[in-house]
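>>> sequence unavailable; structure follows:
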Ligand code: CA
């Protein structure tokens, strides 16, 4: 899952990134509203964490622009402690949830998981797909009831694919989900990870859509 973090407080942004990366999220970070709007408009993110007090365009303005353009990306707003008005306006402007600073990072993680579940229309915390069970909270995976350990990238990739069966995931989207902006991408890495996943589960788990990307079929 790929998250855009919009926060001008560098220390807080560092803390959030450090907390989220081990959870299997790819986090890209921008520090002002204009960059946020640009990133969210031009690229695909599964979720945005949006501070409201931002340079160059405040968070509410970013949100207003997004929703005016019918961009449905789930947004969790971060607000300062004393601004009830901001929270209300944020929700009315199209935020999906909010957290008041300072917040507990465990609560942030739980809210992100809940938002992502909602955005994929999935009431159950764990994903189940043809004998595979993936729990985004505990990071446990089982296949036919047996525990499977996956390296981080393979976990991310599997999560990305089985979250939306029947939907073709382009190479670009998958690569962004795995690497974000700051990591160098080895152009063969995606194929290698896919190959490993097919071996660890079953070959027909992931279909190659030639020239486009990959797909897991809708479970029958
Ligand atoms: Ca701020």
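Yep, it's here. This one's a predicted model, so the numbers in the text were calculated from it and none came from an experiment.
>>> which residues of the chain lie near the ion?
Neighbours of the ion within the chain, by C-beta under 5 Å from the ion: 8, 51, 53. Every residue, glycine included, has its C-beta placed from N, CA and C.
>>> report the buried members of those residues.
8, 51, 53 (16 or more other C-beta atoms under 10 Å).
>>> which residues touch the strand or helix carrying residue 194?
For residue 194, the host element (DSSP states H and E) is helix 189-200. When contacts are defined by C-beta atoms under 8 Å, 6 or more residues apart in numbering, helix 189-200 is touched by residues 143, 148, 150, 153-154, 157-158, 171, 174-175, 178, 205-206, 208, 214.
>>> mind running it again at 7 Å?
Identification of contacts with helix 189-200 by C-beta atoms under 7 Å, 6 or more residues apart in numbering yields 148, 153, 154, 157, 158, 171, 174, 175, 205, 206, 214.
>>> now do the strands in the chain.
Per DSSP state E, the chain carries strands over the ranges 2-6, 26-30, 47-51, 75-79, 97-100, 127-129, 132-135, 140-143, 146-148, 169-170, 207-209, 213-215.
>>> and these as TSV, adding mean pLDDT and distance to residue 116?
What follows is the strands of the chain, written out as TSV (pLDDT from 0 to 100; distance: least, C-beta to C-beta, whole Å):
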stretch	mean pLDDT	distance to residue 116
strand 2-6	96	9
strand 26-30	95	13
strand 47-51	97	6
strand 75-79	94	10
strand 97-100	93	11
strand 127-129	91	10
strand 132-135	93	13
strand 140-143	94	17
strand 146-148	94	21
strand 169-170	92	16
strand 207-209	95	24
strand 213-215	95	20
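>>> look up how far residue 92 lies from residue 126.
As for residue 126, its distance to residue 92 is 33 Å (criterion: C-beta to C-beta, to the nearest Å).
>>> test my guess that residue 37 contacts residue 60.
No - Residue 37 lies out of contact with residue 60 (C-beta atoms under 7 Å); the separation is 11.8 Å.
>>> and the contacts of helix 189-200, which is closest to the ion?
Closest approach between these and the ion, by C-beta to the ion: residue 175, at 30.2 Å.
>>> pretty sure residue 185 is one of the things that closest one touches, is it not?
Yes - Residue 175 is within contact range of residue 185, at 5.6 Å (criterion: C-beta under 7 Å).
>>> so those two - more neighbours on which side?
residue 175 (19 against 12; other C-beta atoms under 10 Å).
>>> list the contacts of the more buried one.
Residue 175 sits in contact with 185, 190, where contact means C-beta under 7 Å, 6+ apart.
>>> make it 10 Å
The neighbours of residue 175, taking C-beta atoms under 10 Å, 6 or more residues apart in numbering as the test, are 26, 157, 169, 183, 185, 187, 189, 190, 213.
>>> what is the nearest of those residues to the ion?
Distances from the ion to the contacts of residue 175, taken by C-beta to the ion, are shortest for residue 26, at 22.6 Å.
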